[in-house]
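A.B. asks: I would like to see how this sequence folds:
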Amino acid sequence: MVSVNLETARETLRTEHKHKNMAFPPRPPLGMPGMGYAYAPIGMMPMNMGMVQTTTVSNHLVMRPIVTTVATTIAQKPLKSQLVPQEITKDDKEEKPPVTTVFVGNISDRAPDAMVRQMLQRCGNVLSWKRVQGASGKLQAFGFCEYEDPEATLRCMRLLNEWTIATKKLVVKVDAKTKTLLDEFRAKKKEAMKKEEEKKRSKQRN
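C.D. replies: A predicted model of the protein is given here:
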């Protein structure tokens, strides 16, 4: 009777242990990590292997994308200069005075040419001085002096005409054409001086 009860108890324990094992899924062997998908499941786009980094966390493969940054340089356009050169034009252009030539005669033989040239230069800016030479190369008693402006010619005629050099008096004069130019120059100068005087008087009244 006792042996029958022991057999019955053993069968009951075996049956209960069998049901307990069937209630839980089998565990993987120790030391073997859980395996992930070797290929992407259906419906998922596989990730580029160059852009994926795999790490093992708690015996599981974790897929992490690698973020790459590309440095870009934006080229700036050079700023154009806003300064534009402007041409300044003169409304009233100054009229250049005509070049005039004066005749210098009755020069003493004892007067060096350098001395005569220096005397002429004291009257104004001399462009050229040509003393006539004879066939033998000897300097003659006259020459021609070219001045830059009529004012110098007028000064030369006023100061050097009848100037005595070694008992001889210089003769300084101009031809008819040059005389006309000098007369016009005098008239313009006189008119300009008159206008300037009127401006001064007008300022004084105001």
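
A.B. asks: Sketch out the helices for the protein, chain order is fine.
C.D. replies: Assignment of helices within the chain using DSSP state H yields the ranges 2-23, 113-121, 150-160, 176-205.

A.B. asks: Report pLDDT for R205.
C.D. replies: Per-residue confidence (pLDDT) for R205: 78.

A.B. asks: How about the contacts made by it?
C.D. replies: The neighbourhood of R205, defined by CB atoms under 8 Å, 6 or more residues apart in numbering, contains no residues. Backbone N, C-alpha and C define where each C-beta goes, glycine included.

A.B. asks: lowest confidence element among the helices and strands of the chain?
C.D. replies: Here the helix or strand of the chain ranked lowest by mean pLDDT, DSSP states H and E is strand 52-57, holding a mean of 49.

A.B. asks: Same list, the helices of the chain, but as JSON lines with distance to I107 please.
C.D. replies: Formatted as JSON lines, the helices of the chain follow (distance: least, CB to CB, whole Å):
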{"stretch": "helix 2-23", "distance to I107": "150"}
{"stretch": "helix 113-121", "distance to I107": "6"}
{"stretch": "helix 150-160", "distance to I107": "11"}
{"stretch": "helix 176-205", "distance to I107": "20"}
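
A.B. asks: Of those helices, flag the one that's most buried.
C.D. replies: Neighbour counts (mean count of other CB atoms under 10 Å) averaged over each of the helices of the chain peak at helix 150-160, with a mean of 19.

A.B. asks: who touches that one?
C.D. replies: 97-98, 100-102, 104, 119-120, 122-126, 145, 147, 170, 172-174, 178, 181-182, 185-186.

A.B. asks: would you put the C-alpha positions of it in PDB?
C.D. replies: Taking C-alpha atoms only, helix 150-160 is exported to PDB below (Å, rounded to 0.1, in the frame of the first residue of the first chain):
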ATOM      1  CA  PRO A 150      53.600 140.400 -74.100                       C
ATOM      2  CA  GLU A 151      54.100 141.900 -70.600                       C
ATOM      3  CA  ALA A 152      57.800 141.000 -70.800                       C
ATOM      4  CA  THR A 153      58.100 142.600 -74.200                       C
ATOM      5  CA  LEU A 154      56.500 145.800 -73.000                       C
ATOM      6  CA  ARG A 155      58.800 145.900 -70.000                       C
ATOM      7  CA  CYS A 156      61.900 145.300 -72.200                       C
ATOM      8  CA  MET A 157      60.900 148.200 -74.400                       C
ATOM      9  CA  ARG A 158      60.200 150.500 -71.500                       C
ATOM     10  CA  LEU A 159      63.400 149.700 -69.500                       C
ATOM     11  CA  LEU A 160      66.100 148.900 -72.100                       C
END
